[in-house]
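Asker: Here is my input; please provide its structure:
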Amino acid sequence: MTFRTQGAVSCLESFQSEPIHVEIISVGNIHPTSISSLPYTAPAMTVALEELRHSFGDSVMFKHTLLYDVRCRSCNDLTDNVDRLVAEYYYSRQEQPNVTAFIAPGCTERINFAKLVRGWNHLLMIGGNGELIFRNKQLFPNVILAGKNAVKSYTDLFRRLFRQFKWRNIYIILDTSAKPFHLLLAPNLLSALATDRRFDVKYAKTSEISSESDFDSSLRDIQATSRVVVFFGFAARFRTFLLRARRSRMTNGDYVYFACEPFRHKDYGDLTWRYGDQFDAEARDAFRSAFVITASPELPANVTLIQSLNARFKELSKHDYNLTYGPNEESTPFVTASYESFLLFGKILQEILSGNYSDDSLWQFLRNGSAMAELFSNRSFQLPTTTIEFDEVGERKQSLNVKQFLNNSSDPTTVLRLNGSAKTFDSSQPISWSTIWPPSNEPLCGFSGISGSCTSSGFSTYSYTVIVPFVSGLLAVMGCCCVAARFRQSMIMRQSFLKEVFLEPNRLVFKHQRETPSTEWTMDFARSGAVVVEKKKMTL
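Answerer: Numbering: from 1, shown residues only. Take a look at the predicted model:
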């Protein structure tokens with residue numbers, strides 16, 4: 001990474017060659033219990049910090065502090081203790097830097113953590129997931145969402161997808177096997193849909209027990225309320241859920257199911273129907289009604305560099321934190337986002353130092369996290385890894401894919417793509433529905449069986465438009481069969497034989513011959529169900 005430092009000289013001259021002291025504080029778990037913990041993400045921060053020190057030289061002195069408590073072994077533990085952990089360190093610092101910034105991947109402690117940092121008005125960059133409340137700049141003007149799992153992008157995709165197919169009744173299931181990403185996205189999607197009058201949302205939680213029938217209660221509730229289901233949970237649980245749905249005859253094309261997989265990783269399970277067990281055939285059939293929402297792969301600016309960085313991250317994880325990646329395991333977006341967050345902070349810092357500020361204005365800017373955060377809004381940044389674009393509130397835009405299991409494949413194929421800056425879908429491949437068309441929002445007679453066109457007020461219209469033509473057509477067919485039977489009996493009695501029987505539009509034609517000339521009988525049947533019989537003499 002290269003910075004242009006010439007422009008910074010004018011501002012730095014006023015400090016009489018004294019370097020600016022910058023401290024970056026990162027909070028997390030030291031135990032590798034989640035893919036956003038420090039043993040995974042801290043090496044990426046270390047590599048990025050080396051690049052920043054090289055770029056700024058002696059003009060800026062960087063200090064990186066990792067905050068963790070060895071007693072915290074999970075995201076929930078960190079959430080319960082993050083206030084104490086951060087406050088104790090912050091108020092006990094012996095030296096006060098010129099600039100303090102917080103950069104962390106984040107887990108479930110984000111809101112508690114952000115409230116503290118907001119009070120101090122320091123810049124906070126979250127490299128993992130981020131709640132929708134952070135988009136409220138009146139509450140969190142100092143927060144930047146630099147992670148690749150943008151909640152806003154996911155909620156926007158679901159809303160556009162549901163509107164496109166005219167689905168209004170949505171059922172959200174949060175399973176106890178859900179990972180932190182699911183635990184974050186489920187309530188935020190519920191909130192986004194519930195505040196939109198076009199949707200009627202039902203929300204339920206399941207309890208993870210050994211019996212396969214633990215989903216049956218939810219399935220009965222779905223039958224009475226919705227045909228569109230969004231499932232948040234581990235991949236194996238989603239497969240079990242679909243198997244139960246199939247056995248309840250709910251995968252025949254009347255229902256559609258969505259699962260979210262931000263990226264492929266063992267932490268989310270193996271999201272496929274193929275498990276190599278006796279249920280694969282059933283699961284393959286059930287997955288025809290399933291769709292997967294996942295992040296679109298970003299186009300790397302330099303593939304060789306990305307590979308080199310990933311190797312370096314793994315090396316430091318093993319050397320500094322005794323963490324060994326599994327076979328074929330790659331660095332996750334949490335890792336690369338941590339690396340990119342440091343570089344983004346460096347770009348903003350360099351931009352400030354390159355400006356024409358008075359001494360007082362520069363100091364105020366460097367200590368104003370809200371002002372620094374504003375510099376991210378509605379901008380694109382070119383990094384060695386990729387190009388990153390932020391929206392108007394400083395949340396990273398993310399492109400997403402809608403995938404489907406096509407042609408009995410165990411790996412889903414992209415059928416729709418929503419660019420991070422677009423409002424409409426790009427179609428990559430036609431969607432394959434179990435029936436000819438997408439599931440309707442609700443059954444013909446409503447979920448109760450007595451609503452819609454089946455109400456007493458709408459019965460006459462319904463009967464004339466649907467029932468009467470159907471019955472009339474049925475009677476016409478029965479009439480044709482009766483007349484044909486009588487013809488056959490008559491011909492047998494007259495010892496005649498059929499010469500030809502064929503179907504013309506709106507008529508059935510019989511030709512039989514006992515002697516010359518032959519006789520042709522035709523039966524015309526109209527849409528009304530009336531049958532007209534005509535006899536003609538023909539010369540052969």
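Asker: Centre-most residue in this structure?
Answerer: In the chain, the C-alpha closest to the average C-alpha coordinate belongs to Ile293, at a distance of 3.5 Å (Cα atoms, centre = their mean).
Asker: mind checking pLDDT for that one?
Answerer: Looking at Ile293, its pLDDT is 95.
Asker: so where does the closest residue to Val86 other than its chain neighbours fall, helix or strand?
Answerer: Distances taken as Cβ to Cβ, 6 or more residues apart in numbering put Leu116 closest to Val86, at 5.5 Å, once the chain neighbours are dropped. Heads up, the C-betas are built off the backbone N, CA and C, glycines and all. According to DSSP states H and E, Leu116 maps onto helix 110-120.
Asker: State the mean pLDDT of the helix or strand following that helix.
Answerer: Sequence-wise, the next helix or strand downstream of helix 110-120 (DSSP H and E) is strand 123-126. For strand 123-126, mean pLDDT is 96.
Asker: do stretch 332-344 as well
Answerer: On average, stretch 332-344 scores 94.
Asker: who touches it?
Answerer: With contacts defined as Cβ atoms under 8 Å, 6 or more residues apart in numbering, stretch 332-344 is touched by 1, 24, 35-36, 40-45, 47-49, 51-52, 103, 105, 125, 127-128, 144, 146-149, 262-263, 265, 295, 309, 313, 376, 381, 383-386, 388.
Asker: didn't the residue nearest to the centre of the chain look like it was pressed against Glu261?
Answerer: Yes - under the criterion of Cβ atoms under 8 Å, Ile293 makes contact with Glu261 at 7.4 Å.
Asker: Determine the number of other residues adjacent to Ser218.
Answerer: Residues contacting Ser218 under the criterion other Cβ atoms under 10 Å number 21.
Asker: now do Arg220
Answerer: For Arg220, the number of neighbouring residues by other Cβ under 10 Å comes to 11.
Asker: Let me know the pLDDT of it.
Answerer: Listed pLDDT for Arg220 reads 92.
Asker: What helix or strand is it located in?
Answerer: Assigned by DSSP H and E, Arg220 falls in helix 216-225.
Asker: just checking, what packs against that helix?
Answerer: Counting contacts by 3 or more Cβ pairs under 8 Å, 6 or more residues apart in numbering; DSSP states H and E, helix 216-225 packs against strand 169-174, strand 200-205, helix 235-247.
Asker: In a markdown table, list these along with distance to Tyr91, mean pLDDT and mean neighbour count.
Answerer: A markdown table is the format used below for the helices and strands packed on helix 216-225 (distance: least, Cβ to Cβ, whole Å; pLDDT from 0 to 100; neighbours: other Cβ atoms under 10 Å):
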| stretch | distance to Tyr91 | mean pLDDT | mean neighbour count |
| --- | --- | --- | --- |
| strand 169-174 | 38 | 95 | 22 |
| strand 200-205 | 39 | 91 | 16 |
| helix 235-247 | 44 | 94 | 21 |
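Asker: Out of the ones you listed, flag the one nearest Pro443.
Answerer: strand 169-174 (10.8 Å; Cβ to Cβ).
Asker: Can you tell me the strand partners of the closest one and which way each runs?
Answerer: Note on strand 169-174: by DSSP bridges, its sheet partners are strand 200-205 (parallel), strand 228-232 (parallel).
Asker: Report the buried residues of the helix or strand just after it.
Answerer: Sequence order places helix 180-194 as the next helix or strand after strand 169-174, per DSSP H and E. Neighbour-count burial for helix 180-194 flags 180-190, 192-193 (criterion: 16 or more other Cβ atoms under 10 Å).
Asker: Wait, Gly420 touches Ile388, no?
Answerer: No - between Gly420 and Ile388 there is no contact under Cβ under 8 Å: 10.1 Å.
Asker: What's the per-residue pLDDT of Asp359 here?
Answerer: At Asp359, pLDDT is 69.
Asker: In the chain, where is pLDDT below threshold?
Answerer: Applying pLDDT under 70 to the chain picks out residues 1-17, 207-213, 301, 359, 452-453, 455-477, 479-540.
Asker: residues in contact with the nearest residue to Val228 once chain neighbours are set aside?
Answerer: Spatial nearest neighbour of Val228, excluding adjacent residues (Cβ to Cβ, 6+ apart): Trp167 at 4.6 Å. Applying Cβ under 8 Å, 6+ apart, we find Trp167 in contact with 161, 227-228, 256, 439, 441.
Asker: out of those residues, which are buried?
Answerer: 161, 227-228, 256, 439, 441.
Asker: which ones among those are found in helices?
Answerer: Leu161 (DSSP state H).
Asker: Show me the two of the buried ones among the contacts of Trp167 that sit farthest apart.
Answerer: Leu161 and Arg227 (14.0 Å).
Asker: okay if I get the helices and strands packed on helix 216-225 as a markdown table plus distance to Leu323?
Answerer: Formatted as a markdown table, the helices and strands packed on helix 216-225 follow (distance: least, Cβ to Cβ, whole Å):
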| stretch | distance to Leu323 |
| --- | --- |
| strand 169-174 | 30 |
| strand 200-205 | 33 |
| helix 235-247 | 23 |
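Asker: now Val292, what's its secondary structure?
Answerer: Judged by DSSP: H, G, I helix; E, B strand; the rest coil, the three-state class of Val292 is strand.
Asker: And for Val415?
Answerer: Relying on three-state DSSP, one would call Val415 strand.
Asker: Can you give me the neighbour number for it?
Answerer: 18.
Asker: ok, so of the buried residues of helix 180-194, who is nearest His64?
Answerer: Pro180 (24.1 Å).
Asker: tell me the contacts of the closest one?
Answerer: Contacts of Pro180 by Cβ under 8 Å, 6+ apart are 34, 36, 75, 107-108, 129.
Asker: Keep only those of those residues that are in helices.
Answerer: Using DSSP H, the contacts of Pro180 in helices are Cys75.
Asker: dump the residue contacts of the closest residue to Ile293 other than its chain neighbours.
Answerer: Once flanking residues are discounted, Ile293 sits nearest to Cys260: 4.9 Å by Cβ to Cβ, 6+ apart. Contact analysis of Cys260 by Cβ under 8 Å, 6+ apart lists 154, 181-182, 185, 230, 232, 292-294.
Asker: Tabulate these in TSV, adding columns for distance to Val303.
Answerer: TSV is the format used below for the contacts of Cys260 (distance: Cβ to Cβ, whole Å):
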residue	distance to Val303
Tyr154	27
Phe181	26
His182	31
Leu185	30
Val230	34
Phe232	33
Val292	25
Ile293	26
Thr294	21
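Asker: hey, C-alpha coordinates of the helix holding Leu116 in PDB?
Answerer: Extracted C-alpha coordinates of helix 110-120, given in PDB (Å, rounded to 0.1, in the frame of the first residue of the first chain):
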ATOM      1  CA  ARG A 110     -21.000  -4.600  19.400                       C
ATOM      2  CA  ILE A 111     -23.800  -2.400  20.800                       C
ATOM      3  CA  ASN A 112     -22.500  -2.300  24.400                       C
ATOM      4  CA  PHE A 113     -19.000  -1.600  23.000                       C
ATOM      5  CA  ALA A 114     -20.200   1.100  20.700                       C
ATOM      6  CA  LYS A 115     -22.100   3.000  23.400                       C
ATOM      7  CA  LEU A 116     -18.800   3.400  25.400                       C
ATOM      8  CA  VAL A 117     -16.900   4.600  22.300                       C
ATOM      9  CA  ARG A 118     -19.700   7.000  21.300                       C
ATOM     10  CA  GLY A 119     -19.400   8.700  24.700                       C
ATOM     11  CA  TRP A 120     -15.700   9.300  24.100                       C
END
